[in-house]
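Q: build me a model:
(one chain, ligands or ions: 1)
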Amino acid sequence: MVKKRTPIIAGNWKMNKTANESKEFFEQLTENLSVDEVETVVCPPFTSLQMAKEKLAGSSIKLGAQNVHFEESGAYTGEVSPEMLKDLGVEYAIVGHSERRAMFGEDDGIINKKVLAVLKSGMKPILCIGESLEDRESKKTERICSVQIERGLKGLTDQQLKNIVIAYEPVWAIGTGKSATKEDANDTIGFIRKTIEQLTSKEIANQMRIQYGGSVKPENISDYMAMPEIDGALVGGASLKVTSFVDIVKF
Ligand SMILES: O=C(CO)COP(=O)(O)O
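A: Numbering: from 1, shown residues only. The predicted structure is shown next:
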């Protein structure tokens, strides 16, 4: 199936793999994967970025970060600036992952600052949004997603909006093995696109790539990718093994 927008599949390793373990992964990955039709991004921990940069030299696989601070520099112990990531060859930064929202107190205001800082540095944000199980059961999925989108994209110019990727990750589907049905994911992503259209323009909404994330595996990726609104995936657990990540990218 030819997609309207270039598919983008990103692996989010979360807090997994030492630099040495990453070395082995990237050596095997570059031996086994070369696809141009799908933009492929790997987001290892900060401590593996230098290793990843060296191993991915000359490959079309891109590097992403899992988090970033919104200030350029200063007294922010333990934080990493957009410029530091850019300098390591990082092209994408995940912003607003539900684990950061839930465990590290990131709200939509902080997330919006991060989105703007990432764009300012010349990298592209992957802005994560999605509802909890409680929100879903009380039929608040659309409300939650539209608020997160509206606040996360606040103050962006049309040009900046063209460099954004959205990841719709329903919280109840992350790491649980319970994935959203392809119809459900497609409907919610369609709703998100409509919301973006209302906030910006039809042109911007139509070109924006929106991924699905939550228990994506080699066995279900082709179902999602066959849906017209779904432009890719943000993959957690199944991105940690070269074989399953390669099978996902080759869906
Ligand atoms: O959180 C995710 C990616 O950012 C999804 O994780 P899983 O693929 O492990 O469910």
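Q: from here on, contacts and neighbour counts on C-alpha atoms
A: Noted.
Q: just checking, Ser81 touches Asn67?
A: No. If you go by Cα atoms under 8 Å, Ser81 and Asn67 don't touch, sitting 9.4 Å apart.
Q: Gly58 looks like it's in a helix, true?
A: No. The assignment for Gly58, made by DSSP: H, G, I helix; E, B strand; the rest coil, is coil rather than a helix.
Q: ok so, going back, for Ser81 and Asn67, indicate the residue with more neighbours.
A: Asn67 (24 against 20; other Cα atoms under 10 Å).
Q: can you check the pLDDT for the more buried one?
A: Looking at Asn67, its pLDDT reads 98.
Q: which helix runs longest in the chain?
A: Of all the elements of type helix in the chain, the one with the most residues (DSSP state H) is helix 182-199.
Q: what's the average pLDDT for that one?
A: Rounded mean pLDDT across helix 182-199 is 98.
Q: now do the same for the residue lying farthest from the centre of the chain: its pLDDT.
A: Ranked by distance from the centre of the chain (Cα atoms, centre = their mean), the top residue is Ala75, with 27.8 Å. Confidence at Ala75, expressed as pLDDT, is 98.
Q: could you measure from it over to Ile149?
A: 30 Å (Cα to Cα, to the nearest Å).
Q: next SSE after the longest helix of the chain?
A: Going down the chain from helix 182-199, the next helix or strand is helix 202-207, by DSSP states H and E.
Q: pLDDT of that following helix, averaged?
A: For helix 202-207, the per-residue pLDDT averages 97.
Q: chain center to stretch 123-133, what's the gap?
A: 7 Å (Cα atoms, centre = their mean, to the nearest Å).
Q: other residues contacting that stretch?
A: 82, 86, 90-98, 115, 118-119, 140-141, 144-145, 148-149, 152, 163-172 (Cα atoms under 8 Å, 6 or more residues apart in numbering).
Q: can you pull out the strands in the protein?
A: Taking DSSP state E, the strands of the chain run over residues 8-12, 39-43, 62-65, 92-95, 124-129, 165-168, 209-213, 232-235.
Q: could I get these as a markdown table with distance to Asp247 and mean neighbour count?
A: Listed next are these as a markdown table, based on distance: least, Cα to Cα, whole Å; neighbours: other Cα atoms under 10 Å:
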| stretch | distance to Asp247 | mean neighbour count |
| --- | --- | --- |
| strand 8-12 | 11 | 24 |
| strand 39-43 | 12 | 23 |
| strand 62-65 | 17 | 25 |
| strand 92-95 | 22 | 27 |
| strand 124-129 | 22 | 26 |
| strand 165-168 | 20 | 25 |
| strand 209-213 | 16 | 28 |
| strand 232-235 | 12 | 28 |
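Q: turn those strands into JSON lines, including distance to Thr157.
A: Output for the strands of the chain, formatted as JSON lines (distance: least, Cα to Cα, whole Å):
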{"stretch": "strand 8-12", "distance to Thr157": "22"}
{"stretch": "strand 39-43", "distance to Thr157": "24"}
{"stretch": "strand 62-65", "distance to Thr157": "23"}
{"stretch": "strand 92-95", "distance to Thr157": "18"}
{"stretch": "strand 124-129", "distance to Thr157": "14"}
{"stretch": "strand 165-168", "distance to Thr157": "15"}
{"stretch": "strand 209-213", "distance to Thr157": "17"}
{"stretch": "strand 232-235", "distance to Thr157": "24"}
